[in-house]
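Novice: got a predicted structure plus its sequence, pasted below:
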Amino acid sequence: MASNPRCTAADPAFALAVGRSTAPDSRSGLPFASIIARLVDGWHRSQAMRVLGSLDDRQLQDLGIERGEIETVAEALIAAERGRRDRSA
């Protein structure tokens, strides 16, 4: 297949042809950075859930958290971190 010098990976037509979004990411303007940020958020979320899940009920109570709220608290921590990251960018 002959390459078309006018159609590059940076070209919006190329992005549409391969099924990629041409809209910039609201956090950084780069789709790749968006993917990385989501991966990092997921990793942080799982770490927070792992740490909170390892605490006994008394330790969670000292923090004001019930075991059933661990996922919600982890999500809130990630959302707060994302907000700080977005404001500093």
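Specialist: Nice, thanks for sending it over.

Novice: hey, where'd the helices end up in the chain?
Specialist: Secondary structure of the chain by DSSP state H: the helices cover 12-17, 31-54, 57-62, 70-88.

Novice: mean neighbour count and mean pLDDT for those helices - can I get that in a markdown table?
Specialist: Any C-beta I mention is one placed from the backbone N, CA and C, and that applies to glycine too. Compiled in a markdown table, the helices of the chain are given as follows (neighbours: other C-beta atoms under 10 Å; pLDDT from 0 to 100):
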| stretch | mean neighbour count | mean pLDDT |
| --- | --- | --- |
| helix 12-17 | 12 | 53 |
| helix 31-54 | 13 | 90 |
| helix 57-62 | 11 | 96 |
| helix 70-88 | 13 | 87 |
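
Novice: what about residue 72, distance to residue 48?
Specialist: Applying C-beta to C-beta, to the nearest Å, the value for residue 72 to residue 48 is 11 Å.

Novice: again, but for residue 38
Specialist: Using C-beta to C-beta, one obtains 16 Å as the distance from residue 38 to residue 48.
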